[in-house]
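Engineer: Take a look and give me a structure for this.
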Amino acid sequence: MTFEKFIKKMSEWVAAVVVFFLAGGMYLSQKGFVWDNGEIVFVGNAKAQEQMIEYQPPVIPDNFVLPDEHSVGKADAPVVLYEYSSFGCSHCADFHNETLPKLKKKYAEKGLLRVVYVPFPIDKISMDAALLAECVPADKYFDFVDLLYKRQREWLLSRNSLDVLAKFAKLNGVEAEKINGCLKNDEVAREILANRQTGITQLGIQGTPSFVLSHEGKSELISGVRSYEEFKELISSKLPHNETTEAKKINGMATVKTTE
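Structural biologist: Purely as a prediction, here's the structure:
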């Protein structure tokens, strides 16, 4: 091989290496990677982490008016828990089926807690379920809601989910000929979507389930899945002596009984 051919081969090889690294660099850059102090760093993760750290949910103003059309518990209960939930959300079903009954028994039945259900549909079928729920007679509303969460897999995984939802609605007092009208009620749909939009923009809700805990005119957002023990701690912290208190007068003396 002559010297000229050797130089030509070397030039081609070097050019190929340069092109390879340039192309690789462009590819990595597009994917969010950069070269930093001798290491390839994924900037996307770093930026995402920064955004997560920097994000602060809106501060809920004192005495902010929250929707309270559907609730269980005493109207004058000292603590109110607003449940923002989507009917097709599995974590919402977990809360509704497992945690909520315990909270009702411990607090709502004693007049210490009111629970307000606020539909927050995140997909079309959950929106259809919310629309049908609004057609159910008022005294059957929570029966319908409980049924949807208890049998969520049945209707959600059905080949025709809407047919199953319609069947459930009929079982809870909705006349068959009114089903289509319920699903096409634009006024109700706008109200549901307005509550959802307010939840996003004013309360900082980013997913379901989310909760707002209110006490003495002040409210705080509780995002994501929480255990019964966590809810118990949060709610009890708002009550006198952190639990139920019953004052009794014995021989003119007041004593306080704390119940678990």
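Engineer: ok, the residue lying closest to residue 205 once chain neighbours are set aside to residue 232 distance?
Structural biologist: Among residues not flanking residue 205 along the chain, residue 199 sits closest, at 4.1 Å (C-beta to C-beta, 6 or more residues apart in numbering). For glycine as for every other residue, the C-beta is placed from the backbone atoms N, C-alpha and C. To residue 232, residue 199 is 24 Å away according to C-beta to C-beta, to the nearest Å.
Engineer: And for residue 88?
Structural biologist: Relative to residue 232, and taking C-beta to C-beta, residue 88 is found at 27 Å.
Engineer: neighbour count winner among these two?
Structural biologist: More crowded of residue 88 and residue 232, by other C-beta atoms under 10 Å: residue 88, with 22 against 18.
Engineer: tell me the SS of that one?
Structural biologist: coil (DSSP: H, G, I helix; E, B strand; the rest coil).
Engineer: same deal with residue 139?
Structural biologist: Relying on three-state DSSP, one would call residue 139 helix.
Engineer: surely the residue nearest to residue 205 meets residue 210?
Structural biologist: Yes: using C-beta atoms under 8 Å, residue 199 is in contact with residue 210, at 7.2 Å.
Engineer: Need the overlap of contacts for those two.
Structural biologist: 84, 120 (C-beta atoms under 8 Å, 6 or more residues apart in numbering).
Engineer: burial count for the closest residue to residue 133 other than its chain neighbours?
Structural biologist: The spatially closest residue to residue 133, leaving aside those adjacent along the chain, is residue 144, at 5.5 Å (C-beta to C-beta, 6+ apart). Using other C-beta under 10 Å, the number of residues around residue 144 comes to 22.
Engineer: For the host helix or strand of residue 144, buried residues please.
Structural biologist: Using DSSP states H and E, residue 144 falls within helix 141-150. Across helix 141-150, burial judged by 16 or more other C-beta atoms under 10 Å covers 141-142, 144-145, 147-149.
Engineer: Please apply the same query to stretch 93-107.
Structural biologist: 93, 95-96, 99-100, 103, 106-107.
Engineer: How about stretch 108-122?
Structural biologist: The neighbour-count check on stretch 108-122 (16+ other C-beta under 10 Å) flags 108, 112-122 as buried.
Engineer: Residue 97 falls within a strand, correct?
Structural biologist: No: under three-state DSSP, residue 97 falls outside any strand and is assigned helix.
Engineer: After the host helix or strand of residue 93, which helix or strand is next? Please name it.
Structural biologist: In this assignment (DSSP H and E), residue 93 forms part of helix 90-94. Going down the chain from helix 90-94, the next helix or strand is helix 100-106, by DSSP H and E.
Engineer: Other residues contacting that next one?
Structural biologist: Contacts of helix 100-106 (C-beta under 8 Å, 6+ apart): 72-73, 81, 83, 113, 115, 228, 231-232, 235.
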